[in-house]
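Colleague: my questions are about this predicted structure, shown below with the sequence.
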Amino acid sequence: MAAPAAAAPAAAPAAAGPTPLASASLYVGDLDPNVTEPQLFEVFSVVGPVASIRVCRDAMTRRSLGYAYVNFHNVVDAERALDTLNYTNVKGKACRIMWKHRDPSIRKSGQGNIFIKNLDKAVDTRTLHDTFSQFGNILSCKVAMNDQGESKGFGFVQFETAEEANEATSKVNGMVLEEKRLFVGPFLPRGDRENSTSERRFTNVYVKNIPEDVSDDKFMASWAEHGEVTSAKVMRKEDGTSRGFGFVNFKEPEAAKKATEAINGTKHWGGEKTVYAGRAEKESERKEKLKKKYESIRMERLKNNQLVNLYIKNLDDAIDDDKLRASFEQFGTITSAKVMRDKERPDVSKGFGFVCFSAPEEATRAVTAMNGQMLGSKPIYVALHQPIEIRRQMQQSQTVRQPQMLPRFQVQGGMMPPQMPMGFPGRPGPGQVFMFPQQMGPGGQQFRGGQPGYRGQGYQQGMGGQQGQGQRRQGAAQGYQQGQAGQAPARPQ
């Protein structure tokens with residue numbers, strides 16, 4: 001009798017198993033760009049009736065974004081598809097299936113999301129999923145891949161609850177998988193990582209401006225004074241000469257920081273150049289820093305040239321750089337003058353150019369005096385040059401302020417049906433004669449030719465010079481009065 005009582009508590013967690021996030025809609029990611037809805041229907045229809053499938057595409061190019069949504073008629077079929085078709089190969093790529101969450105805050109909150117690094121190249125998403133599935137319900141699992149489909153050595157797993165994520169972190173962190181020791185920790189977005197650690201801990205130090213006569217042993221001894229060094233090397237060319245930079249790796253981050261502060265900015269080995277020592281950065285970090293640096297320099301240059309650089313168009317074909325400079329040099333000091341020419345035919349002018357002055361006041365005088373003036377055989381247009389970024393921002397702001405209007409005779413969903421009137425009431429249809437209101441009698445009766453109220457007759461006679469303007473008005477008024485009195489003139493025989 002004790003066995004059933006002992007089994008009862010074990011069954012309790014299973015009863016609470018169904019996730020409240022479950023629905024009949026699935027998210028299918030990591031798709032090949034050429035995968036279409038019919039191909040996905042062939043894959044998912046084997047587990048149950050499919051209600052709809054939509055491959056998400058770019059609004060402008062209509063290219064696939066690499067993911068889709070599959071909707072089933074009931075939750076049971078969706079669960080079966082998630083269990084049996086996850087990581088199925090579709091057009092050469094293993095698709096990743098997860099529940100579709102209508103509330104985006106669940107994904108963006110990062111709750112239950114963990115980060116795994118130092119993965120072996122052989123570990124794919126399925127292997128990572130099988131490793132962590134024993135700790136709870138996995139909402140999303142992915143190993144980061146490069147463009148060649150090779151693992152980058154790290155991945156992400158998101159659990160349904162933070163408790164499941166904490167348990168997985170505590171038990172898997174430091175575990176060996178495919179002969180590599182894993183690091184598992186809570187996932188932090190890039191912005192949070194940078195803000196939370198104003199001083200990043202590091203052990204690898206990059207050193208440059210090293211004198212050519214510094215050997216590897218001398219280089220190692222200089223850094224060993226500040227802490228235990230695991231490796232130190234001066235990078236050299238094929239002939240053995242120094243390339244002027246090297247790397248030092250410490251065992252403890254505190255020693256690396258202490259050594260960097262002591263040597264950075266000094267002439268430690270007696271060279272002519274000041275030594276730089278700092279945290280060794282990844283290539284992606286260096287590229288990002290250089291990109292921001294060059295972008296700020298470019299924007300500063302554009303900002304400075306915005307009020308001194310002139311755009312001139314409608315130039316005569318005979319105008320070259322020298323003639324353009326001579327035409328504008330009376331207004332101030334010109335730093336550059338250029339007529340744009342065809343790349344394939346350098347002797348052919350594109351009809352526009354640029355003149356840059358040394359001061360904004362000079363450029364303003366040139367715009368005021370030269371805009372609309374004849375230069376050669378053409379009147380030129382002169383204005384301050386606007387960089388393409390500023391022009392795009394202005395176009396976008398104008399688009400936001402002026403919402404797109406529907407055409408006059410267009411309704412939501414298409415054109416108006418042809419049987420609907422396209423003008424005001426009384427307008428004739430195809431093949432009918434247009435009648436003015438003066439020609440209409442009670443009940444829509446129309447006065448025909450030969451009668452005093454026939455405006456068309458008076459109009460035609462007036463055009464022929466046979467009847468004056470006053471007679472036409474009198475005839476139209478008479479016809480209108482007859483119509484009001486209910487006198488419908490007889491049709492001509």
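Modeller: Okay, I see it.

Colleague: so what's the most centrally placed residue in the chain closest to, chain neighbours aside?
Modeller: When C-alpha atoms, centre = their mean is applied to the chain, the residue found nearest the centroid is Asp58 (9.8 Å). For Asp58, the nearest residue in space outside its immediate sequence neighbours is Leu65; the separation is 6.4 Å by C-beta to C-beta, 6 or more residues apart in numbering. For the C-beta atoms, the positions are set from N, CA and C on the backbone; glycine is no exception.

Colleague: the stretch 201-350 of the chain: helices as residue ranges?
Modeller: Using DSSP state H, counting those that start in this stretch, the helices found in the stretch 201-350 of the chain span residues 216-224, 253-263, 283-305, 321-328.

Colleague: report the distance from the first one to the chain centre.
Modeller: Just to be clear, that refers to helix 216-224. Averaging C-alpha coordinates over helix 216-224 and over its chain gives two centres that are 49 Å apart (C-alpha atoms, centre = their mean, to the nearest Å).

Colleague: what do you get for the second one?
Modeller: Here the centre of helix 253-263 is set off from its chain's centre by 41 Å, with C-alpha atoms, centre = their mean.

Colleague: what about that helix, average pLDDT?
Modeller: Taken as a whole, helix 253-263 has an average pLDDT of 90.

Colleague: now what about that helix, what contacts it?
Modeller: For helix 253-263, the surrounding residues in contact (C-beta atoms under 8 Å, 6 or more residues apart in numbering) are 201-205, 207, 222-223, 225-228, 248, 250, 275, 277-279.

Colleague: still on that earlier bit, out of the helices of the stretch 201-350 of the chain, nearest to His129?
Modeller: Minimum separation from His129 across those (C-beta to C-beta) falls at helix 283-305, 27.0 Å.

Colleague: restricted to buried residues, select the contacts of helix 253-263 in PyMOL.
Modeller: Buried members of the contacts of helix 253-263, identified by 16 or more other C-beta atoms under 10 Å, are gathered into one PyMOL selection as follows:
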select buried, resi 202+203+205+207+222+223+226+227+248+250+275+277+279
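
Colleague: let me see the contact set for the nearest residue to Asn89 once chain neighbours are set aside.
Modeller: With C-beta to C-beta, 6+ apart as the measure, Cys95 is the residue that lies nearest to Asn89, at 7.8 Å, once sequence neighbours are left out. Contacts for Cys95 (C-beta under 8 Å, 6+ apart) come out as 28-31, 85-89.

Colleague: try Val348
Modeller: With contact set as C-beta under 8 Å, 6+ apart, Val348 has these partners: 317, 341-342.

Colleague: dihedrals phi and psi, Val50?
Modeller: With angles defined as degrees, to the nearest 10, Val50 shows backbone torsions of phi -100, psi 130.

Colleague: surely it touches Tyr69?
Modeller: No. The pair Val50 / Tyr69 is not scored as a contact, 11.2 Å apart, by C-beta atoms under 8 Å.

Colleague: quick one, which of those two is more surrounded?
Modeller: When Val50 is set against Tyr69 and neighbours are counted by other C-beta atoms under 10 Å, the residue ahead is Val50, at 20 against 15.

Colleague: partners of the more buried one in the sheet?
Modeller: Per DSSP bridges, residues listed as beta-bridge partners of Val50: Phe72.

Colleague: show the pLDDT at it.
Modeller: In this model, Val50 is scored at 93, pLDDT.

Colleague: what's the spacing between it and Asn71?
Modeller: According to C-beta to C-beta, to the nearest Å, Val50 stands 7 Å off from Asn71.

Colleague: for Ile263, same thing?
Modeller: According to C-beta to C-beta, Ile263 and Asn71 sit 62 Å apart.

Colleague: neighbour count: these two, which is higher?
Modeller: Of the pair Ile263 and Asn71, Ile263 is the one with more neighbours under other C-beta under 10 Å, namely 21 against 16.
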